[in-house]
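K.L.:
Predicted model follows, preceded by the sequence.
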Amino acid sequence: MDPVDALLEIATLLERERASRYRSSAFRTAAAVVERLTPAERADAAGLRRRKGIGDSSFAVIQEALAGQVPRYLVELRERYAPARSALRSALRGDLHCHSEWSDGMTSIAQMAAAARGLGHEYLALTDHSPRLRVANGLSPERLRAQLEEIPAYSDDGFTLLSGIEVDILDGGELDQEPELLQALDVVVASAHSKLRMEAAPMTRRLVTAVSSGQVDVLGHVTGRLITGSRGTRPPSTFDAGAVFDACAAHRVAVEINSRPEREDPPDDLIALALERGCLFSIDSDAHAPGQLGLIDEGAARAERLGVPVERIVTTWPLARLREWLAR
């Protein structure tokens, strides 16, 4: 097989497994190096091994691919990663929550957009973090304005990159970005990232205030829980979920079904409650790397298992209908 294809598929599978960013980045770097080489340069094993960006593992993959084999490491990863299957997955047209290297994502906007096209998405919202989340290199108003200038370059006749943000919900429910900038964006995902152990009453007010602001489209990973993974576990925030979902329904704010396996947020019982309260939903990957965009397979399978109707999932809507909802 083509060595560039092999290296990129390995990087993608490592990203889906949420492996160390350094491991997947090493294979993406090697792919970029090999892509620039002539056939003769690729065939020169000694010269290839000396090139910056080619390590032991990537060199072995390249040599096996050039020899007409599927690299052993790729075979191992393909066997280890089995995406969730569902009929609902084919109805999804896009994704409203992902990150690039502008905040805490691993790759460029171009690579995220290319991966979304590869999955057959009609649209993808770029939602890097807001200023208060410094640990995630959140975007200041000035950096967000600069990013907005770049967004149109990644759309074409078959794919649209939507401008957006994952804006932090501050302690009192205020949103962590200039209101005028939020109005200029296509998609606003609002999430709480701090003080997640706040008492139930103030946490309820915080979330209700945010979704009632008229500036939020999607309520992101509502409980903030972590159930597995390298970051350890974290219990869900406590709040009056009925009151929060009533506010979401009243303002037509979609409740995110976060597809990351370490989150599975909201929990099953809260998805059932949001259904009962009449909420819309957005199945999102919360991808921080191109390979993680495929995690929506997991969210789609869970939504299908829990009986979420397709017509209430905004990420199944065609772009024109989605834009009408976003403009509400």
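P.N.:
Received, thanks.
K.L.:
what about residue 45, how many neighbours?
P.N.:
Neighbour count of residue 45, defined by other CB atoms under 10 Å: 12. Any C-beta I mention is one placed from the backbone N, CA and C, and that applies to glycine too.
K.L.:
Distance check, it against residue 323.
P.N.:
Residue 45 sits 52 Å away from residue 323, going by CB to CB, to the nearest Å.
K.L.:
Ramachandran angles for residue 218?
P.N.:
Here the main-chain torsion angles of residue 218 (degrees, to the nearest 10) amount to phi -130, psi 130.
K.L.:
and what of residue 323?
P.N.:
According to degrees, to the nearest 10, the main-chain angles of residue 323 amount to phi -60, psi -40.
K.L.:
Leaving out the residues flanking it, which one is nearest to it?
P.N.:
Using CB to CB, 6 or more residues apart in numbering and skipping residues adjacent in sequence, the residue nearest residue 323 is residue 186, 7.8 Å away.
K.L.:
so the one you found sits right up against residue 164, yeah?
P.N.:
Yes: with contact defined as CB atoms under 8 Å, residue 186 and residue 164 form a contacting pair (5.8 Å).
K.L.:
what is in contact with the two at once?
P.N.:
Contact criterion CB atoms under 8 Å, 6 or more residues apart in numbering; residues shared by residue 186 and residue 164: residue 125.
K.L.:
Any regions of this protein where pLDDT drops low?
P.N.:
Along the chain, the model assigns pLDDT under 70 to residues 19.
K.L.:
mind checking the longest strand of it?
P.N.:
Among the segments of the chain that qualify as a strand by DSSP state E, the longest is strand 160-168.
K.L.:
Please export the C-alpha coordinates of it as CSV.
P.N.:
This file holds the C-alpha atoms of strand 160-168, laid out as CSV (Å, rounded to 0.1, in the frame of the first residue of the first chain):
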residue,chain,number,x,y,z
THR,A,160,-18.9,24.1,4.7
LEU,A,161,-16.6,25.0,7.6
LEU,A,162,-18.8,26.9,10.1
SER,A,163,-17.2,29.5,12.4
GLY,A,164,-17.8,28.8,16.1
ILE,A,165,-16.5,28.6,19.6
GLU,A,166,-16.7,26.5,22.7
VAL,A,167,-17.4,29.3,25.1
ASP,A,168,-16.8,28.8,28.8
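K.L.:
That one: which residues count as buried?
P.N.:
The neighbour-count criterion (16 or more other CB atoms under 10 Å) identifies 160-168 as the buried residues of strand 160-168.
K.L.:
which residues touch whichever helix or strand comes after it?
P.N.:
Sequence order places helix 179-184 as the next helix or strand after strand 160-168, per DSSP states H and E. If you take CB under 8 Å, 6+ apart as the criterion, helix 179-184 is touched by 141, 144-145, 148, 163, 165, 167, 175, 188, 215.
K.L.:
Separate out the buried members of those residues.
P.N.:
When those are checked for burial by 16+ other CB under 10 Å, the buried set is 144, 163, 165, 167, 175, 188, 215.
K.L.:
now these as JSON lines including distance to residue 21?
P.N.:
Shown next, in JSON lines, are the buried ones among the contacts of helix 179-184 (distance: CB to CB, whole Å):
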{"residue": "144", "distance to residue 21": "23"}
{"residue": "163", "distance to residue 21": "25"}
{"residue": "165", "distance to residue 21": "22"}
{"residue": "167", "distance to residue 21": "24"}
{"residue": "175", "distance to residue 21": "28"}
{"residue": "188", "distance to residue 21": "26"}
{"residue": "215", "distance to residue 21": "32"}
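K.L.:
Helices along the protein, start to end?
P.N.:
For the chain, the helices defined by DSSP state H cover 3-16, 21-35, 39-43, 45-50, 56-66, 72-80, 109-118, 141-150, 179-184, 200-211, 241-250, 268-276, 296-305, 319-326.
K.L.:
Turn those helices into a markdown table, columns for distance to residue 228.
P.N.:
Shown next, in a markdown table, are the helices of the chain (distance: least, CB to CB, whole Å):
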| stretch | distance to residue 228 |
| --- | --- |
| helix 3-16 | 15 |
| helix 21-35 | 18 |
| helix 39-43 | 40 |
| helix 45-50 | 38 |
| helix 56-66 | 26 |
| helix 72-80 | 16 |
| helix 109-118 | 24 |
| helix 141-150 | 32 |
| helix 179-184 | 33 |
| helix 200-211 | 23 |
| helix 241-250 | 22 |
| helix 268-276 | 16 |
| helix 296-305 | 12 |
| helix 319-326 | 32 |
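K.L.:
right, so of those, which gets closest to residue 225?
P.N.:
Set against residue 225 and scored by CB to CB, the helices of the chain come closest in helix 268-276, at 10.2 Å.
K.L.:
Return the member of the buried residues of strand 160-168 nearest to residue 109.
P.N.:
Within the buried residues of strand 160-168, proximity to residue 109 (CB to CB) peaks at residue 161, which comes in at 7.4 Å.
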